[in-house]
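*Asks:* I'll drop the sequence and a predicted model, then ask my questions.
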Amino acid sequence: MKQNRTLSALAVFVSAVLWGTYGSFVTVISAGGMGRNIMQAFRFGMTALTVCVIMLVRDRSMFRVRKEDRILFLLNGFASILFFTTCYTMAIQETKIATAAALLYTAPAIVLVLSAILFREKVNGKKVVCILLSILGCAFVSGIAGGASGLTVRGLLLGLGAGLGYALYSIFSRYILDRGYSIYTNIFYTFGIATMSYLIWSAADGTLTQPAQYPGTAFLAVLCGLFTGAAAYILYTWGLKGLESSRAAQIATIEPVTAALLGMILFHQTLSVPELFGVALVVGSVLLMNL
(Lines give C-alpha, C1' and ligand atoms only; values in the text may rest on other atoms or scores of the structure.)
Protein backbone atom coordinates (compact mmCIF):
# COMPACT_ATOMS: atom_id res chain seq x y z
CA MET A 1 0.00 0.00 0.00
CA LYS A 2 1.31 3.41 -0.93
CA GLN A 3 2.43 5.52 2.01
CA ASN A 4 0.15 8.44 2.90
CA ARG A 5 1.60 11.62 1.35
CA THR A 6 0.25 13.93 4.07
CA LEU A 7 1.86 11.89 6.83
CA SER A 8 5.08 11.70 4.81
CA ALA A 9 5.13 15.49 4.42
CA LEU A 10 4.43 15.92 8.15
CA ALA A 11 7.28 13.56 9.02
CA VAL A 12 9.70 15.56 6.87
CA PHE A 13 8.43 18.82 8.40
CA VAL A 14 8.98 17.58 11.97
CA SER A 15 12.42 16.25 11.07
CA ALA A 16 13.37 19.69 9.74
CA VAL A 17 12.21 21.36 12.95
CA LEU A 18 14.39 18.93 14.92
CA TRP A 19 17.34 19.67 12.64
CA GLY A 20 16.72 23.36 13.27
CA THR A 21 17.73 22.82 16.91
CA TYR A 22 21.14 21.48 15.84
CA GLY A 23 22.83 24.88 15.61
CA SER A 24 21.77 25.68 19.17
CA PHE A 25 23.12 22.35 20.40
CA VAL A 26 26.43 22.96 18.59
CA THR A 27 26.77 26.44 20.09
CA VAL A 28 26.17 25.25 23.66
CA ILE A 29 28.19 22.02 23.37
CA SER A 30 31.16 23.84 21.80
CA ALA A 31 31.04 26.45 24.57
CA GLY A 32 31.02 23.56 27.07
CA GLY A 33 34.45 22.43 25.88
CA MET A 34 33.65 19.53 23.56
CA GLY A 35 35.43 19.32 20.20
CA ARG A 36 33.70 19.04 16.84
CA ASN A 37 34.73 15.46 16.03
CA ILE A 38 33.78 13.84 19.34
CA MET A 39 30.50 15.79 19.32
CA GLN A 40 29.61 14.31 15.93
CA ALA A 41 30.70 10.84 17.08
CA PHE A 42 28.21 11.14 19.95
CA ARG A 43 25.45 12.40 17.67
CA PHE A 44 25.79 9.71 15.04
CA GLY A 45 26.66 7.00 17.53
CA MET A 46 23.35 7.61 19.31
CA THR A 47 21.58 7.53 15.94
CA ALA A 48 23.14 4.20 14.90
CA LEU A 49 22.63 2.69 18.38
CA THR A 50 18.94 3.68 18.53
CA VAL A 51 18.26 2.19 15.11
CA CYS A 52 20.28 -0.94 15.98
CA VAL A 53 18.00 -1.60 18.97
CA ILE A 54 14.92 -1.15 16.76
CA MET A 55 16.31 -3.61 14.20
CA LEU A 56 17.15 -6.20 16.89
CA VAL A 57 13.63 -6.02 18.27
CA ARG A 58 11.70 -5.81 14.99
CA ASP A 59 13.56 -7.88 12.41
CA ARG A 60 17.21 -8.95 12.47
CA SER A 61 17.15 -9.68 8.75
CA MET A 62 17.33 -5.89 8.24
CA PHE A 63 21.05 -6.13 9.01
CA ARG A 64 21.64 -8.02 5.75
CA VAL A 65 23.11 -6.08 2.83
CA ARG A 66 23.79 -7.54 -0.60
CA LYS A 67 27.43 -7.33 -1.69
CA GLU A 68 26.63 -5.29 -4.80
CA ASP A 69 24.81 -2.66 -2.71
CA ARG A 70 27.54 -2.00 -0.16
CA ILE A 71 28.91 0.86 -2.25
CA LEU A 72 25.64 2.76 -1.81
CA PHE A 73 25.93 2.66 1.98
CA LEU A 74 29.59 3.68 1.83
CA LEU A 75 28.75 6.62 -0.41
CA ASN A 76 25.87 7.65 1.86
CA GLY A 77 28.16 7.49 4.87
CA PHE A 78 31.19 9.25 3.44
CA ALA A 79 30.08 11.42 0.50
CA SER A 80 26.88 12.68 2.10
CA ILE A 81 26.72 12.47 5.92
CA LEU A 82 30.42 12.78 6.77
CA PHE A 83 31.05 15.52 4.21
CA PHE A 84 27.82 17.38 4.97
CA THR A 85 28.12 17.45 8.77
CA THR A 86 31.79 18.40 8.75
CA CYS A 87 31.11 21.35 6.44
CA TYR A 88 27.95 22.40 8.30
CA THR A 89 29.46 22.30 11.79
CA MET A 90 32.47 24.32 10.62
CA ALA A 91 30.15 26.78 8.86
CA ILE A 92 28.16 27.30 12.08
CA GLN A 93 31.39 28.11 13.91
CA GLU A 94 32.55 30.38 11.06
CA THR A 95 29.37 32.44 10.79
CA LYS A 96 25.89 32.84 12.33
CA ILE A 97 23.64 29.82 12.87
CA ALA A 98 20.99 31.22 10.51
CA THR A 99 23.55 32.00 7.79
CA ALA A 100 24.97 28.47 7.85
CA ALA A 101 21.44 27.02 7.72
CA ALA A 102 20.53 29.27 4.79
CA LEU A 103 23.53 28.16 2.74
CA LEU A 104 22.72 24.55 3.58
CA TYR A 105 19.39 25.01 1.83
CA THR A 106 20.84 25.39 -1.59
CA ALA A 107 20.27 21.61 -1.31
CA PRO A 108 16.67 21.56 -2.66
CA ALA A 109 17.78 23.05 -5.97
CA ILE A 110 20.56 20.44 -6.23
CA VAL A 111 18.12 17.65 -5.36
CA LEU A 112 15.62 18.94 -7.93
CA VAL A 113 18.19 18.77 -10.74
CA LEU A 114 19.68 15.41 -9.71
CA SER A 115 16.25 13.82 -9.16
CA ALA A 116 15.11 14.92 -12.61
CA ILE A 117 18.22 13.37 -14.17
CA LEU A 118 18.49 10.20 -12.08
CA PHE A 119 14.89 9.36 -11.15
CA ARG A 120 12.97 11.11 -13.96
CA GLU A 121 11.03 13.20 -11.44
CA LYS A 122 8.92 15.84 -13.14
CA VAL A 123 10.17 19.42 -12.95
CA ASN A 124 7.17 21.73 -13.17
CA GLY A 125 6.80 25.46 -12.74
CA LYS A 126 5.37 25.14 -9.24
CA LYS A 127 8.39 23.21 -7.96
CA VAL A 128 10.83 25.70 -9.46
CA VAL A 129 8.94 28.69 -8.05
CA CYS A 130 8.70 27.13 -4.58
CA ILE A 131 12.39 26.27 -4.47
CA LEU A 132 13.39 29.75 -5.66
CA LEU A 133 11.11 31.31 -3.02
CA SER A 134 12.60 29.14 -0.29
CA ILE A 135 16.19 29.94 -1.34
CA LEU A 136 15.34 33.66 -1.43
CA GLY A 137 13.65 33.34 1.95
CA CYS A 138 16.71 31.59 3.41
CA ALA A 139 18.89 34.41 2.07
CA PHE A 140 16.74 36.97 3.88
CA VAL A 141 16.56 34.89 7.07
CA SER A 142 20.36 34.65 7.22
CA GLY A 143 20.98 38.30 6.40
CA ILE A 144 22.87 37.37 3.22
CA ALA A 145 20.37 39.29 1.08
CA GLY A 146 20.86 42.41 3.19
CA GLY A 147 24.61 42.09 3.46
CA ALA A 148 24.38 41.74 7.25
CA SER A 149 25.46 38.14 7.65
CA GLY A 150 29.17 38.71 8.24
CA LEU A 151 29.76 36.02 5.63
CA THR A 152 33.35 35.16 4.72
CA VAL A 153 34.60 33.26 1.66
CA ARG A 154 35.47 30.31 3.91
CA GLY A 155 31.99 30.41 5.45
CA LEU A 156 30.40 30.55 1.99
CA LEU A 157 32.34 27.54 0.70
CA LEU A 158 31.63 25.53 3.85
CA GLY A 159 27.91 26.33 3.65
CA LEU A 160 27.70 25.38 -0.03
CA GLY A 161 29.63 22.17 0.67
CA ALA A 162 27.10 21.33 3.38
CA GLY A 163 24.28 21.91 0.87
CA LEU A 164 25.86 19.50 -1.63
CA GLY A 165 26.41 16.80 1.01
CA TYR A 166 22.87 17.18 2.33
CA ALA A 167 21.45 16.88 -1.19
CA LEU A 168 23.40 13.66 -1.73
CA TYR A 169 21.77 12.09 1.36
CA SER A 170 18.38 12.36 -0.35
CA ILE A 171 19.79 10.93 -3.58
CA PHE A 172 21.69 7.97 -2.11
CA SER A 173 18.86 7.19 0.32
CA ARG A 174 16.40 7.10 -2.57
CA TYR A 175 18.61 4.55 -4.34
CA ILE A 176 18.87 2.45 -1.16
CA LEU A 177 15.12 2.52 -0.46
CA ASP A 178 14.36 1.69 -4.10
CA ARG A 179 16.62 -1.36 -3.75
CA GLY A 180 14.19 -2.72 -1.15
CA TYR A 181 16.05 -1.87 2.06
CA SER A 182 14.26 -0.50 5.12
CA ILE A 183 14.84 3.00 6.44
CA TYR A 184 16.51 1.42 9.47
CA THR A 185 19.05 -0.50 7.38
CA ASN A 186 19.89 2.70 5.54
CA ILE A 187 20.34 4.75 8.71
CA PHE A 188 22.21 2.07 10.69
CA TYR A 189 24.97 1.52 8.14
CA THR A 190 25.16 5.11 6.92
CA PHE A 191 25.53 6.53 10.41
CA GLY A 192 27.62 3.62 11.65
CA ILE A 193 30.20 4.50 8.99
CA ALA A 194 30.07 8.18 9.98
CA THR A 195 30.41 7.30 13.69
CA MET A 196 33.51 5.17 13.15
CA SER A 197 35.09 7.93 11.07
CA TYR A 198 34.51 10.57 13.74
CA LEU A 199 35.80 8.28 16.49
CA ILE A 200 39.04 7.78 14.54
CA TRP A 201 39.35 11.56 14.03
CA SER A 202 38.61 12.15 17.73
CA ALA A 203 41.41 9.77 18.70
CA ALA A 204 43.73 11.59 16.32
CA ASP A 205 42.96 15.10 17.61
CA GLY A 206 42.92 14.13 21.31
CA THR A 207 39.24 14.86 21.95
CA LEU A 208 38.20 11.23 22.52
CA THR A 209 38.48 11.60 26.32
CA GLN A 210 36.54 14.87 26.52
CA PRO A 211 33.18 13.26 27.48
CA ALA A 212 34.76 12.10 30.76
CA GLN A 213 36.13 15.61 31.37
CA TYR A 214 32.82 17.34 30.62
CA PRO A 215 29.98 14.99 31.68
CA GLY A 216 27.31 17.72 31.53
CA THR A 217 28.30 18.59 27.97
CA ALA A 218 28.40 14.89 27.08
CA PHE A 219 24.79 14.57 28.26
CA LEU A 220 23.81 17.43 25.92
CA ALA A 221 25.63 15.61 23.11
CA VAL A 222 23.53 12.51 23.83
CA LEU A 223 20.33 14.59 23.64
CA CYS A 224 21.59 16.15 20.41
CA GLY A 225 22.07 12.65 19.00
CA LEU A 226 18.59 11.50 20.01
CA PHE A 227 16.73 14.56 18.71
CA THR A 228 18.75 15.88 15.74
CA GLY A 229 20.14 12.47 14.83
CA ALA A 230 17.98 9.42 15.49
CA ALA A 231 14.51 10.98 15.57
CA ALA A 232 15.14 13.49 12.76
CA TYR A 233 16.73 11.06 10.29
CA ILE A 234 14.20 8.29 10.96
CA LEU A 235 11.35 10.72 10.26
CA TYR A 236 13.01 12.23 7.17
CA THR A 237 13.99 8.89 5.63
CA TRP A 238 10.51 7.49 6.33
CA GLY A 239 9.03 10.57 4.67
CA LEU A 240 11.19 9.93 1.58
CA LYS A 241 9.28 6.67 1.05
CA GLY A 242 6.07 8.59 0.35
CA LEU A 243 7.39 11.75 -1.33
CA GLU A 244 9.51 12.75 -4.29
CA SER A 245 13.07 13.60 -3.23
CA SER A 246 12.75 17.16 -4.50
CA ARG A 247 9.51 17.76 -2.59
CA ALA A 248 10.96 16.36 0.66
CA ALA A 249 14.09 18.50 0.35
CA GLN A 250 11.99 21.62 -0.22
CA ILE A 251 9.72 20.99 2.78
CA ALA A 252 12.83 20.67 4.93
CA THR A 253 13.68 24.33 4.25
CA ILE A 254 11.71 25.05 7.42
CA GLU A 255 14.97 24.17 9.23
CA PRO A 256 16.68 27.58 8.84
CA VAL A 257 13.49 29.28 10.05
CA THR A 258 13.61 27.13 13.19
CA ALA A 259 17.34 27.82 13.57
CA ALA A 260 16.80 31.59 13.23
CA LEU A 261 13.93 31.66 15.73
CA LEU A 262 15.90 29.61 18.27
CA GLY A 263 18.92 31.85 17.74
CA MET A 264 16.68 34.81 18.57
CA ILE A 265 15.08 33.18 21.63
CA LEU A 266 18.09 31.42 23.15
CA PHE A 267 21.04 33.58 22.08
CA HIS A 268 19.33 36.95 21.60
CA GLN A 269 20.19 37.07 17.89
CA THR A 270 17.69 39.69 16.71
CA LEU A 271 15.60 39.29 13.55
CA SER A 272 15.22 42.35 11.34
CA VAL A 273 12.25 43.12 9.09
CA PRO A 274 14.00 41.55 6.03
CA GLU A 275 14.75 38.43 8.07
CA LEU A 276 11.13 38.17 9.17
CA PHE A 277 10.16 38.59 5.50
CA GLY A 278 12.47 35.65 4.74
CA VAL A 279 10.69 33.53 7.35
CA ALA A 280 7.37 34.31 5.66
CA LEU A 281 8.79 33.37 2.23
CA VAL A 282 10.08 29.98 3.44
CA VAL A 283 6.85 29.10 5.26
CA GLY A 284 4.80 30.25 2.26
CA SER A 285 6.88 28.16 -0.17
CA VAL A 286 6.41 25.04 1.98
CA LEU A 287 2.64 25.59 2.11
CA LEU A 288 2.44 26.26 -1.64
CA MET A 289 4.44 23.12 -2.47
CA ASN A 290 1.99 20.97 -0.49
CA LEU A 291 -1.36 22.45 -1.52
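*Replies:* All right, it came through fine. Numbering: from 1, shown residues only.

*Asks:* helices of the stretch 101-250 of the chain, residue ranges please.
*Replies:* 107-118, 125-142, 153-178, 183-205, 210-213, 215-224, 232-240, 245-251 (DSSP state H, counting those that start in this stretch).

*Asks:* buried sites along the third one?
*Replies:* Yep, that's helix 153-178 we're talking about. In terms of neighbour count (16 or more other CB atoms under 10 Å), helix 153-178 has its buried residues at 155-156, 158-177. (C-beta placed from N, C-alpha, C; glycine too.)

*Asks:* low pLDDT regions in the stretch 51-200 of the chain?
*Replies:* The model of the stretch 51-200 of the chain has pLDDT under 70 over residues 98, 141-151.

*Asks:* cutoff 80 now
*Replies:* Within the stretch 51-200 of the chain, the ranges that satisfy pLDDT under 80 run 89, 92-93, 95-103, 105-106, 108, 123, 134-135, 137-152.

*Asks:* and the residue nearest to Glu121 when sequence neighbours are not counted, how many neighbours?
*Replies:* Excluding its sequence neighbours, the residue lying closest to Glu121 (CB to CB, 6 or more residues apart in numbering) is Ser115, at 4.2 Å. Ser115 has 24 neighbouring residues, counting by other CB atoms under 10 Å.

*Asks:* Ser115: what's it in contact with?
*Replies:* 121, 170-171, 174, 244-246 (CB atoms under 8 Å, 6 or more residues apart in numbering).

*Asks:* which one among those residues gets closest to Val26?
*Replies:* Ser170 (22.1 Å; CB to CB).

*Asks:* can you tell me how far that closest one is from Lys67?
*Replies:* Distance, Ser170 to Lys67, using CB to CB, to the nearest Å: 25 Å.

*Asks:* check Ser30 too.
*Replies:* Between Ser30 and Lys67 the computed distance is 40 Å (CB to CB).

*Asks:* in terms of neighbours, single out the busier of those two.
*Replies:* Ser30 (16 against 6).

*Asks:* could you pull up the residues touching the more buried one?
*Replies:* 36, 39, 93.

*Asks:* just checking, the first one touches Thr89?
*Replies:* Yes: with contact taken as CB atoms under 8 Å, Arg36 and Thr89 are classed as touching, separated by 5.3 Å.

*Asks:* so Leu164 touches Ala109, yeah?
*Replies:* No: counting by CB under 8 Å, Leu164 does not reach Ala109; the two are 10.7 Å apart.

*Asks:* determine which two of the contacts of Ser115 are furthest apart.
*Replies:* Ile171 and Glu244 (12.0 Å).

*Asks:* what's the neighbour count on Ala11?
*Replies:* By the measure other CB under 10 Å, the count of residues near Ala11 is 24.

*Asks:* mind listing what Ile187 touches?
*Replies:* Per CB under 8 Å, 6+ apart, neighbours of Ile187: 47-48, 51, 233-234, 237.

*Asks:* next, count neighbours for Gln213.
*Replies:* Gln213 has 11 nearby residues by other CB under 10 Å.

*Asks:* sorry, back to before: closest to Ile71 among the contacts of Ser115?
*Replies:* Of the contacts of Ser115, the one sitting nearest to Ile71 (CB to CB) turns out to be Ile171, at 13.7 Å.

*Asks:* do I have it right that the closest one meets Leu112?
*Replies:* No: Ile171 is beyond contact range of Leu112, at 11.1 Å (criterion: CB under 8 Å).

*Asks:* close enough to count as contact, Thr258 and Ser15?
*Replies:* No: if you go by CB under 8 Å, Thr258 and Ser15 don't touch, sitting 10.9 Å apart.

*Asks:* same drill for these two, tell me which one is more crowded.
*Replies:* Ser15 (25 against 22).

*Asks:* what is whichever strand or helix holds the more buried one packed up against?
*Replies:* According to DSSP states H and E, Ser15 maps onto helix 5-20. On a contact count with 3 or more CB pairs under 8 Å, 6 or more residues apart in numbering; DSSP states H and E, helix 5-20 meets helix 232-240, helix 245-251, helix 254-267.

*Asks:* report the angle between it and helix 153-178.
*Replies:* Angle of helix 5-20 versus helix 153-178, following axes from the mean of the first three to the mean of the last three CA atoms, to 10 degrees, is 150 degrees.

*Asks:* buried stuff in helix 5-20?
*Replies:* Neighbour-count burial for helix 5-20 [16+ other CB under 10 Å]: 8-9, 11-20.

*Asks:* what's the closest of those to Ser134?
*Replies:* For those, the nearest to Ser134 is Ala16 (11.3 Å; CB to CB).

*Asks:* what about that closest one, distance to Glu255?
*Replies:* Distance from Ala16 to Glu255, by CB to CB: 4 Å.
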